[in-house]
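Asker: Generate a structure from the sequence data that follows.
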Amino acid sequence: MKKTVCASLLVATLSYAHHGVASLGVVGLEGPGAPVETTSSAMLPEDKFLAYMKLDYASYKKYTDVIDDEMEESYYWMYGIGYGFKSYLSGYIFLPYYTKKQEDSVQTSGFHDINLMGVLGFKYDEGFILTPQNESLDDLEDWHFTIFANVSLPTGDSELKTANGSLYDAGMQLSFGEPSYMIGLSATKWFGNGFTLVMDTSYNTFQEHTYSDGTRVKFADEIRANAALAYKFYVNPKKKLRFDTNLEANFLHLGRDKENGVEQEATGGDILYTTIGFRLFYNNISAALGVKLPVWTKLNEEDKQQGSEGKEDYRVIFSFSTLF
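Answerer: Numbers count the residues shown, from 1 in each chain. Model (predicted):
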């Protein structure tokens with residue numbers, strides 16, 4: 001049978017104080033599914049473009065009635081375009097747009113740092129080989145993998161100032177001020193029926209940046225590990241329509257941020273999220289919606305980290321993409 005890959009989707013996860021990282025995936029009428037948050041190992045078809053947008057909305061819990069500078073909610077938009085240079089090599093450009101709102105109604109909003117990403121795809125079929133251009137449905141049951149790397153460039157504004165002329169906190173700025181780097185690995189196994197298992201892990205590191213007031217800040221390194229099970233709930237080949245459900249476990253480890261070389265209190269820790277969502281595929285369009293909830297946390301100073309990762313009430317993730 002001929003390979004059937006008709007549309008793609010691309011989603012991204014973003015965090016309050018730090019950044020956005022992209023997770024990638026391709027889904028067609030038949031074959032493997034793609035989760036909402038976890039990066040799948042399916043590649044963009046050769047000589048095809050992918051256009052997409054994504055929203056990650058976060059609402060944070062409040063533990064006191066005191067109105068201060070804690071984060072209340074955030075809107076992390078991401079726009080991007082991808083291109084399949086080869087069946088085993090894809091490239092992407094991301095342009096994030098962030099709005100961060102504190103509970104005292106202070107907010108910052110604007111474009112963040114541009115991200116560039118490259119993805120190398122390969123599979124295991126009696127040995128490791130690069131992802132071929134044509135695969136049968138039987139071939140798609142093999143284990144597939146990707147290695148991906150990302151660099152962000154400091155194109156956003158890291159010098160936003162308050163009404164009194166002082167700099168906003170680094171977590172409210174719209175740039176890291178320096179390039180950041182990420183590398184990751186994904187693995188995907190389609191079982192030939194409705195189920196697809198997807199796993200990924202990534203490591204993200206940041207450089208120290210010196211702000212105009214002389215303060216030096218280095219955001220903490222991040223480690224992510226995700227696992228997802230996608231299930232093809234409904235498919236109608238005549239209408240080129242497919243509906244998948246997804247259940248995911250998303251682990252995030254954050255180190256401590258540093259200011260002037262000193263590790264900061266009330267930063268860092270471990271968080272386990274679960275994401276429940278679905279994906280709708282129609283012709284060459286894909287849309288996904290998920291709710292992401294923190295189900296376990298071990299933060300370094302649990303009672304002082306209101307407004308940080310792990311202290312969300314909930315996150316809502318929506319993505320839309322089209323292949324052309």
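
Asker: Verify the stated contact: Lys100 with Glu70.
Answerer: No. At 11.4 Å, Lys100 does not count as touching Glu70 under the criterion of Cβ atoms under 8 Å. (Each C-beta comes from the backbone N, C-alpha and C, glycine too.)

Asker: Mind checking which of those two has more residues around it?
Answerer: Neighbour comparison, Lys100 and Glu70: the larger count goes to Lys100, with 24 against 19 (by other Cβ atoms under 10 Å).

Asker: Point me to the helix or strand that includes the more buried one.
Answerer: Using DSSP states H and E, the element containing Lys100 is strand 89-102.

Asker: List the buried residues in the next helix or strand after that strand.
Answerer: In the C-terminal direction, the helix or strand that comes right after strand 89-102 (DSSP H and E) is strand 107-111. Neighbour counts using 16 or more other Cβ atoms under 10 Å place 107-108, 111 of strand 107-111 among the buried residues.

Asker: what does stretch 269-283 give?
Answerer: 269-275, 277-282.

Asker: could I get these as a markdown table with distance to Leu289, pLDDT and secondary structure?
Answerer: A markdown table is the format used below for these (distance: Cβ to Cβ, whole Å; pLDDT from 0 to 100; DSSP: H, G, I helix; E, B strand; the rest coil):
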| residue | distance to Leu289 | pLDDT | secondary structure |
| --- | --- | --- | --- |
| Gly269 | 28 | 95 | strand |
| Asp270 | 27 | 97 | strand |
| Ile271 | 21 | 97 | strand |
| Leu272 | 21 | 98 | strand |
| Tyr273 | 16 | 97 | strand |
| Thr274 | 15 | 97 | strand |
| Thr275 | 10 | 96 | strand |
| Gly277 | 6 | 96 | strand |
| Phe278 | 6 | 95 | strand |
| Arg279 | 8 | 93 | strand |
| Leu280 | 8 | 93 | strand |
| Phe281 | 13 | 91 | strand |
| Tyr282 | 14 | 91 | strand |
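
Asker: just the residues you listed now: which is nearest Phe320?
Answerer: The shortest approach to Phe320 among the buried residues of stretch 269-283 belongs to Leu280, at 10.0 Å (Cβ to Cβ).

Asker: thought that closest one was touching Ala287?
Answerer: Yes. Counting by Cβ under 8 Å, Ala287 is a contact partner of Leu280 at 5.1 Å.

Asker: which residues do these two both contact?
Answerer: Counting by Cβ atoms under 8 Å, 6 or more residues apart in numbering, no residue touches both Leu280 and Ala287.

Asker: From the buried residues of stretch 269-283, pick the one nearest Thr188.
Answerer: Arg279 (14.6 Å).

Asker: Is it correct that that closest one is in contact with Ala34?
Answerer: Yes. Between Arg279 and Ala34 there is a contact at 6.7 Å, judged by Cβ under 8 Å.

Asker: now Glu126, what's its secondary structure?
Answerer: coil (DSSP: H, G, I helix; E, B strand; the rest coil).

Asker: okay, it: pLDDT?
Answerer: Listed pLDDT for Glu126 reads 93.

Asker: do the same with the one 5 residues further on
Answerer: We note a pLDDT of 95 for Thr131 in this prediction.

Asker: and the one helix or strand Asp56 maps to, which strands flank it?
Answerer: Element membership for Asp56, per DSSP H and E: strand 49-60. Applying DSSP bridges to the sheet, strand 49-60 is found paired with strand 71-86 (antiparallel), strand 312-323 (antiparallel).

Asker: Please identify which of those strands is closest to Gly121.
Answerer: Gly121 sits nearest to strand 71-86 of all the strands paired with strand 49-60, at 8.9 Å, using Cβ to Cβ.

Asker: circling back to that earlier point, compile the strands paired with strand 49-60 into a markdown table and extend it with columns for mean pLDDT.
Answerer: Shown next, in a markdown table, are those (pLDDT from 0 to 100):
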| stretch | mean pLDDT |
| --- | --- |
| strand 71-86 | 93 |
| strand 312-323 | 92 |
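
Asker: Alright, calling it a day.
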